[in-house]
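Asker: Sequence plus the predicted model coming up.
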Amino acid sequence: MSFMQPSPVKYACSCGILNPINKLFFCRHCPKLHCGFCVTHEIESHFCSNCLENIPSTEAKHKKNCCANCFDCPCCQHTLSARASTVPVVRKSEESKDVKEPKDGDSTGEATPPVPASSKPSAVPTTKKMYYLSCLSCRWTTRDVGIPDQGVATGTWPDNECLYQARFNALVEYFQAVVLQEKQEKLEFMRRKAPKQHKFPSLTDRTGLTVSLIRRQIGWNDKVPKAKAVITPAESTSEVEGLPANIFTEQPNLRNVTTIAQRHSQPADQPTAVGSLYPQRRSLWIKRSLRCRQCEHNLIKPEYHPTSIKYRIQLFASYHVPEVVMVRCEQPLVPGKSNAILLKLTNPTMYDMTIRLLTAAPPEDAQVSAETTRVVKEEPISSSPLLKTVGITLSRQNSTREVKREVIDASNAEIVPLESEFVLSQRDDSKEFDEYVQLPTEEPKFIVWRKGNKVLVRLQFTPAEELAFGTDVVLGFFMQYTYVNTVTNASEKKEPTTHALHSRVFITAGATEQKAT
Amino acid sequence: MPSENRIKILPKAVVCEESNLRGDITFSSGCVVHPSATVIADAGPIIIGENCIIEEYATIAHRLEPGASWDVNNILSIGNHNVFEVGCQVEASRIGDKNVFESKCFVGRGVTVSNGCAVGAGIKIHTSQLLPQNTIVYGEQGLQREAIDKQGSQTLQIDFLRKVLPNYHHLRKPNYDPKKARSVV
């Protein structure tokens, strides 16, 4: 599988976008191909990529999606690491309080115990570890901006508060109150509009008393006190500070001016001088789970723990759909001249596959289509009880109608379809180590080579006559394959069902060459 | 160019035998030269100051300009407490004190490095320029910044190397004693 370079073989997703197979997912319940554009993305868990600490989503929201312990370098956006330096502390036995010596800013090695001449011989020179944050990439340290060294490596680093932090907090508080009030009013309105029919008649209902009436009778306020508007609108001013006089006379020192990236990494105050760069809390990363939009089954579900890179559910297409790899073209690509391409097909599943390469969409198998429609109908009911609890977000996602794209038929070569179908045997890892014996089996003509679950197929094609020099020749065909589905949609059916699926495959064979004259 | 190598090693310098030295080179006391480090003095003598560390595959070159020839007065002077990390290539015209050349960096000809500078890993400086005091060159784009904090000193590392290197490598013997030389003069 070509991993790092763009693959010449692309599969058409069910939403119409072309993707290489390693970017596609396969929903076993639909059963269809899906890409990152036509699935629902959900946040599985938040974690810090540096300390690998798992942070619950409410806590992450509270901490503004930042890690509490890890910092990024404001200069080069790498992770800062805590460095220790020993600082001499002279503890006098007579006096109870410790007198801290002015620490020498240099490194650990030069921590000489400076015993003042006045101190008594009983004074015991001890050292204390002080920590500062340092960037191993650009040598930025917290001492550069005058943050004092801390006695503990994590947790005590001060947040830099910008000038208008108080104003910002007041605004946030106010608007949160406004939103809350609006929500309550809406709720109240809905309640009044559609009076809920209680199953059991309550005392207050029978007497015509409502809660608000009772409250009024007691003498309480009718409603929950409204949030007071405490904010003052911002005032505009026409007086702007002029530029400092020396800006025209002195040459700017570009080494002290921050870059755009540095300013954006510190969005609150966006400093212009290097001296006011402060360590920034590291943003959290997420683990993501993907869900099919049609049937709401999970396609990808990672393991919860951040240190694990495994999946609980992983329906990558390359585990289910036969992989097509372009090997080579037999001749140089010349417009209008018949050619042949060698394709290697691999069966990743544990069941034999019957594969046909067609030029037109295969007619839908009546049995299969009936089954799929039934599945679609059944699915929301079967999956609903669990999903209803979290259903708000899901239903919202589903209500956005996805635009059905037509697959752009980019092929510009005519393909001679294979005369018959062929069987791709199941994947068997132990077979890889067996001694390979070529069995004298009767093979169709187009099969060049076969071993285990791999087969090399020769496909004849002719690039279109009108292609200009240097244009890419794209072969497009329908690959129909049988897929054995081991998941049972209905509980009473236990045996795996076999589907005849097809997907469109486009192969960029290469650029055309000069026509031989 | 002189026909033979004239390498002066002052006492307390640790220069491994497997290092590649060519031309007239002076190692001041306390220098540590790792095996397979390269120092080439083609254009003129190189004088390396005290307590410098030249790590493996580091290259310090004082190359001939096209058409020029060996000149005794064309001295490449390197100050004290410099660190040349693994795989760096330094062809600077003058180097001050307490500089760090990180791994795989390249400092081209005509660059004057003052004091307390640090050239980040993999950074290539080709244009001739003066790196002012405490400049730090970092990042993919070779951005420059002035360090306010001093660079940590390398005394611990140099002490360790001075202890460990003789256990595993043959050393070139110190062959030049400034006290004796002074008495001769």
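Answerer: Yep, that arrived.
Asker: tell me what the one helix or strand A:Tyr131 maps to is packed against?
Answerer: In the assignment (DSSP states H and E), A:Tyr131 maps to strand A:124-135. Judged by 3 or more C-beta pairs under 8 Å, 6 or more residues apart in numbering or on different chains; DSSP states H and E, strand A:124-135 is in contact with strand A:80-91. Yep, even glycine has a C-beta here, placed from its N, CA and C like the rest.
Asker: Sheet-wise, list the partners of the strand it packs on with their directions.
Answerer: strand A:99-100 (antiparallel), strand A:124-135 (antiparallel) (DSSP bridges).
Asker: Kindly reformat these as JSON lines containing mean pLDDT.
Answerer: Shown next, in JSON lines, are the strands paired with strand A:80-91 (pLDDT from 0 to 100):
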{"stretch": "strand A:99-100", "mean pLDDT": "42"}
{"stretch": "strand A:124-135", "mean pLDDT": "84"}
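Asker: Mean neighbour count, these: which tops it?
Answerer: Most buried of these, by mean neighbour count (mean count of other C-beta atoms under 10 Å in any protein chain shown): strand A:124-135, with a mean of 17.
Asker: So for the helix or strand just after that one, mean pLDDT?
Answerer: Next helix or strand after strand A:124-135 toward the C-terminus (DSSP H and E): helix A:165-193. The average of the pLDDT scores along helix A:165-193 is 87.
Asker: before we move on, what about stretch A:446-455?
Answerer: Per-residue scores along stretch A:446-455 average to 86.
Asker: So for it, what gets flagged as buried?
Answerer: Buried positions in stretch A:446-455, judged by neighbour count with 16 or more other C-beta atoms under 10 Å in any protein chain shown: A:446, A:450, A:452-455.
Asker: Now do it: distance from first to last residue.
Answerer: 10 Å (C-alpha to C-alpha, to the nearest Å).
Asker: Centre of the chain to that stretch, how far?
Answerer: Between the centre of stretch A:446-455 and the centre of its host chain there is 38 Å, according to C-alpha atoms, centre = their mean, to the nearest Å.
Asker: What separates the first and last residues of stretch B:147-155, distance-wise?
Answerer: Terminal-residue distance, stretch B:147-155 (C-alpha to C-alpha): 20 Å.
Asker: quick one: it near chain A?
Answerer: Yes - interface with chain A: stretch B:147-155 contributes B:147-153, B:155 (C-beta under 8 Å from any C-beta of the partner chain).
Asker: Neighbours of A:Tyr304, how many?
Answerer: Other residues near A:Tyr304 come to 12 when the count uses other C-beta atoms under 10 Å in any protein chain shown.
Asker: do A:Glu53 as well
Answerer: A:Glu53: 16 neighbours (other C-beta under 10 Å).
Asker: quick one, what contacts it?
Answerer: A:Glu53 makes contacts with A:47, A:67, A:69, A:306, as judged by C-beta atoms under 8 Å, 6 or more residues apart in numbering or on different chains.
Asker: Where is the longest helix in chain B?
Answerer: Longest helix in chain B by number of residues (criterion: DSSP state H): helix B:155-168.
Asker: Going by neighbour count, list what's buried in that one.
Answerer: Buried, per 16+ other C-beta under 10 Å, within helix B:155-168: B:155, B:158, B:161-162, B:165.
Asker: Would you mind putting the residues you listed into CSV with pLDDT alongside?
Answerer: Formatted as CSV, those follow (pLDDT from 0 to 100):
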residue, pLDDT
B:Thr155, 86
B:Ile158, 92
B:Leu161, 93
B:Arg162, 92
B:Leu165, 93
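Asker: For A:Leu299, what are phi and psi?
Answerer: Dihedral angles of A:Leu299 (phi, psi; degrees, to the nearest 10) stand at phi -100, psi -40.
Asker: That one against A:Leu24, yeah?
Answerer: No - with contact defined as C-beta atoms under 8 Å, A:Leu299 does not count as touching A:Leu24 (10.0 Å).
Asker: what's the overlap in contacts for the two?
Answerer: What both A:Leu299 and A:Leu24 touch, as defined by C-beta under 8 Å, 6+ apart, is the set A:His34.
Asker: Could you pull up the residues touching the residue sitting nearest the centre point of chain A?
Answerer: Residue closest to the average C-alpha location in chain A (C-alpha atoms, centre = their mean): A:Arg288, at 5.3 Å. Shown in contact with A:Arg288 (C-beta under 8 Å, 6+ apart): A:41-44, A:300, A:302.
Asker: Mind checking which of the residues you listed are buried?
Answerer: By 16+ other C-beta under 10 Å, the contacts of A:Arg288 give A:42, A:44, A:300, A:302 as buried.
Asker: and stretch B:104-117, which residues are buried?
Answerer: For stretch B:104-117, by 16+ other C-beta under 10 Å, it's B:104-108, B:111, B:113-117.
Asker: Is any residue of that stretch near chain A?
Answerer: No - shown here: stretch B:104-117 not in contact with chain A (C-beta under 8 Å from any C-beta), separated by at least 10.5 Å.
Asker: Show the end-to-end separation of that stretch, please.
Answerer: 16 Å.
Asker: For the longest helix of chain B, what is the distance to the chain centroid?
Answerer: 17 Å.
Asker: List of residues touching stretch B:60-74?
Answerer: By C-beta under 8 Å, 6+ apart, stretch B:60-74 touches B:1-2, B:23-24, B:38-46, B:48, B:54, B:76, B:78, B:84, B:89-91, B:109.
Asker: Now do it, average pLDDT.
Answerer: Computed over stretch B:60-74, the mean pLDDT rounds to 88.
Asker: what does stretch B:133-153 give?
Answerer: pLDDT averaged over stretch B:133-153 gives 83.
Asker: quick one: contacts of it?
Answerer: Contacts of stretch B:133-153 (C-beta under 8 Å, 6+ apart): A:75-76, A:105-107, A:109-110, A:137-141, A:143-144, A:254-256, A:259, A:274-275, B:81, B:98, B:100, B:114-120, B:123-125, B:131-132.
Asker: That stretch: end-to-end distance?
Answerer: 16 Å.
Asker: Any buried residues in that stretch, and which?
Answerer: Quick answer for stretch B:133-153 (16+ other C-beta under 10 Å): B:134-139, B:143-147, B:149, B:151-153.
Asker: Whichever strand or helix holds A:Ser503: partners in the sheet, and parallel or antiparallel?
Answerer: Taking DSSP H and E as the definition, A:Ser503 sits inside strand A:497-511. Paired with strand A:497-511 in the same sheet, following DSSP bridges, are strand A:9-12 (antiparallel), strand A:472-485 (antiparallel).
Asker: Looking at the buried residues of helix B:155-168, which is nearest chain A?
Answerer: B:Thr155 (4.7 Å; C-beta to the nearest C-beta).
Asker: so how far is stretch B:68-82 from its chain's centroid?
Answerer: On C-alpha atoms, centre = their mean, the centre of stretch B:68-82 falls 10 Å from the chain's centre.
Asker: how about the residues of stretch B:147-155 next to chain A in TSV, adding secondary structure?
Answerer: What follows is the residues of stretch B:147-155 next to chain A, written out as TSV (DSSP: H, G, I helix; E, B strand; the rest coil):
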residue	secondary structure
B:Ala147	coil
B:Ile148	coil
B:Asp149	coil
B:Lys150	coil
B:Gln151	coil
B:Gly152	coil
B:Ser153	coil
B:Thr155	helix
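Asker: any chance of those in TSV, with distance to A:Gly36 too?
Answerer: TSV is the format used below for those (distance: C-beta to C-beta, whole Å):
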residue	distance to A:Gly36
B:Ala147	43
B:Ile148	45
B:Asp149	45
B:Lys150	49
B:Gln151	46
B:Gly152	46
B:Ser153	51
B:Thr155	54
